[in-house]
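**Student:** Let's see this in three dimensions:
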Amino acid sequence: MEKPPHPFAFRDFTCYFAARLTSTLAQMAMVIVIGWQVYDIARTDLGMTPKEAAFQLGLIGLAQFVPLLVLTLVVGWIADRIDRRWIARGAVALEAGCAIALGLLTWTGEISLPALFAVAALLGVARAFASPALQALAPNLVPIAVLPTAIALSSIAWQTGSVLGPAVGGILYDIDAVISYAFSAALFVFAFLALMLIRPVPRSAITGPAHPWEQMKDGMRYVRQNRLVLGAISLDLFAVLLAGVTAVLPIYARDILQVGADGLGQLRAAPAVGAVATAVWFAWRPLRENVGVKLLVGVAIFGAATAVFGVSRSLPLSLAMLVLLGAADMLSVYVRQSLIQLYTPDAMRGRVGAVSTLFISGSNELGEARAGFLAAVIGPTAAVAAGGIGAILVAGLWARWFPELRAARTFDPPQMPEDIPLKEKAT
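**Tutor:** A predicted model of the protein is given here:
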């Protein structure tokens, strides 16, 4: 049997990869600066206690999630009706505008908590549109046989940006926050140009009910009826909702480990180091057997590493646990995204992608809000450790409640979806 071509043999996927890498790098550099500025303004300028400042970090996560909650059905439908390339381009352009606005506000000394909250909400809007469009676009750029490797490479792009973004953002913030925002703005512009180079791709027409509202709800119905997809998406939601630690990293950097902004960059980048190493491994040696069981094991390891990080007072141990949880999270992302993409017809991918984005963002943004709020009540150590234990319990419960996950041996669906003709010719 002839070995399928590498995803980079397809020019449009290469442009997609470049756009995903640079936009993620810009986003993560920006996010760490926003979190640090929120915590710093709350502690230094407004004289808040660590718990009160942690509450502000929780609000930032909530500000990013609310637009996703409100827009999910609409953006998924749009991603199946409108050219997905232009949706992604518009979202990246909005993110570039946010970076420029925060840079100008910081430069003029007008930066404030309300401004940071407002921009966080706009970034939530941009992500609401970008995520389902980009998720649905990737399968149109490569043949179906290449898709698992393409998903691993897409994850490498995202995780590499997650590695470099926080570290670069922290270093540039130490020099001047304006430089960090200018760096993000320039990368967003590059990502926009890379997306402009992707040629038109064919898409399937929406079938089923003619009314737009019914078409929007079809994505929810599909996820609810396909228990394997539902189990994979909801597993991530509850695991990361309970065990997410991103929001409390400024607290650990400043008040617990006492390593400052540079140390915060290391803490923020450590999960992505483990994730990139895992994604590179899967790009070289794609996962082929017992994918469902490995997904559940990965979530349990994620929870255990989070719990140990929560009680650690050693920077090396904390970094090691963050690397481990990043590797386990990448395993979960790789299996989940492959199952969702390969079990979903192309005409439904935008709407299912929007539902997936809502669940993922629910786990990330609401997880950040949960961590910030709970840290304000019981302290960060107890909040993080309890969340990690909760993620382990979730893995056990989902193994029992969703036997379809345990039974998933490979990425091959029982019946291949009726996809549109994909580009079979490398360029």
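**Student:** List the buried residues of the host helix or strand of L134.
**Tutor:** Using DSSP states H and E, L134 sits in helix 113-137. By neighbour count on 16 or more other Cβ atoms under 10 Å, the buried set for helix 113-137 is 113, 116-117, 119-137. C-beta here means a position set from N, CA and C on the backbone, and glycine is covered the same way.
**Student:** packing partners for that helix?
**Tutor:** Using 3 or more Cβ pairs under 8 Å, 6 or more residues apart in numbering; DSSP states H and E as the contact test, the elements touching helix 113-137 are helix 11-40, helix 50-81, helix 84-108, helix 349-378.
**Student:** cutoff 6 Å now
**Tutor:** For helix 113-137, the elements it packs on are helix 50-81, helix 84-108, helix 349-378, judged by 3 or more Cβ pairs under 6 Å, 6 or more residues apart in numbering; DSSP states H and E.
**Student:** Can you tell me which of these is most buried?
**Tutor:** The highest mean neighbour count among the helices and strands packed on helix 113-137, using mean count of other Cβ atoms under 10 Å, belongs to helix 349-378: a mean of 24.
**Student:** Could you pull up the mean pLDDT of it?
**Tutor:** In this model, helix 349-378 has an average pLDDT of 70.
**Student:** roughly how far is the helix holding L134 from the heart of the chain?
**Tutor:** Put simply, helix 113-137 sits 12 Å off its chain's centre (Cα atoms, centre = their mean, to the nearest Å).
**Student:** Please pull up the helix or strand immediately following it.
**Tutor:** Following helix 113-137 in sequence, per DSSP H and E, is helix 147-175.
**Student:** Chain neighbours aside, what residue packs nearest to W107?
**Tutor:** Nearest residue to W107, sequence neighbours excluded (Cβ to Cβ, 6 or more residues apart in numbering): V178, at 4.7 Å.
**Student:** so what's L249 closest to, chain neighbours aside?
**Tutor:** Closest residue to L249 apart from its sequence neighbours, by Cβ to Cβ, 6+ apart: L267 at 4.9 Å.
**Student:** What's the first helix or strand after the helix or strand of the chain with the lowest mean pLDDT?
**Tutor:** Lowest by mean pLDDT, DSSP states H and E among the helices and strands of the chain is helix 212-225, with a mean of 67. Next helix or strand after helix 212-225 toward the C-terminus (DSSP H and E): helix 227-243.
**Student:** what angle do the helix holding L134 and helix 11-40 make?
**Tutor:** 160 degrees (axes from the mean of the first three to the mean of the last three Cα atoms, to 10 degrees).
**Student:** what angle do helix 113-137 and helix 147-175 make?
**Tutor:** For helix 113-137 against helix 147-175, the angle by the same axes, to 10 degrees is 160 degrees.
**Student:** mean confidence for helix 113-137?
**Tutor:** Averaging pLDDT along helix 113-137 gives 85.
**Student:** do stretch 12-21 as well
**Tutor:** Mean pLDDT, computed over stretch 12-21, is 94.
**Student:** Need the CA coordinates for it. CSV is fine.
**Tutor:** Extracted as CSV, the C-alpha positions of stretch 12-21 are listed here (Å, rounded to 0.1, in the frame of the first residue of the first chain):
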residue,chain,number,x,y,z
ASP,A,12,-2.8,25.4,1.2
PHE,A,13,-2.2,23.3,4.3
THR,A,14,1.3,24.8,4.7
CYS,A,15,-0.2,28.3,4.6
TYR,A,16,-2.8,27.2,7.1
PHE,A,17,-0.1,25.8,9.4
ALA,A,18,1.9,29.1,9.2
ALA,A,19,-1.2,31.1,10.1
ARG,A,20,-2.1,28.9,13.0
LEU,A,21,1.4,29.0,14.4
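**Student:** Identify the residues contacting that stretch?
**Tutor:** With contacts defined as Cβ atoms under 6 Å, 6 or more residues apart in numbering, stretch 12-21 is touched by 7-8, 141-142, 154, 157, 161, 191, 194-195, 197-199.
**Student:** Okay, buried residues for it please.
**Tutor:** For stretch 12-21, by 16+ other Cβ under 10 Å, it's 12-21.
**Student:** Also stretch 139-158?
**Tutor:** Neighbour counts over stretch 139-158 (16+ other Cβ under 10 Å) mark 139-144, 146-158 as buried.
**Student:** Please give the centre-to-centre distance between that stretch and its chain.
**Tutor:** Distance, centroid of stretch 139-158 to centroid of chain: 16 Å (Cα atoms, centre = their mean).
**Student:** what does stretch 295-311 give?
**Tutor:** With Cα atoms, centre = their mean, you get 18 Å for stretch 295-311.
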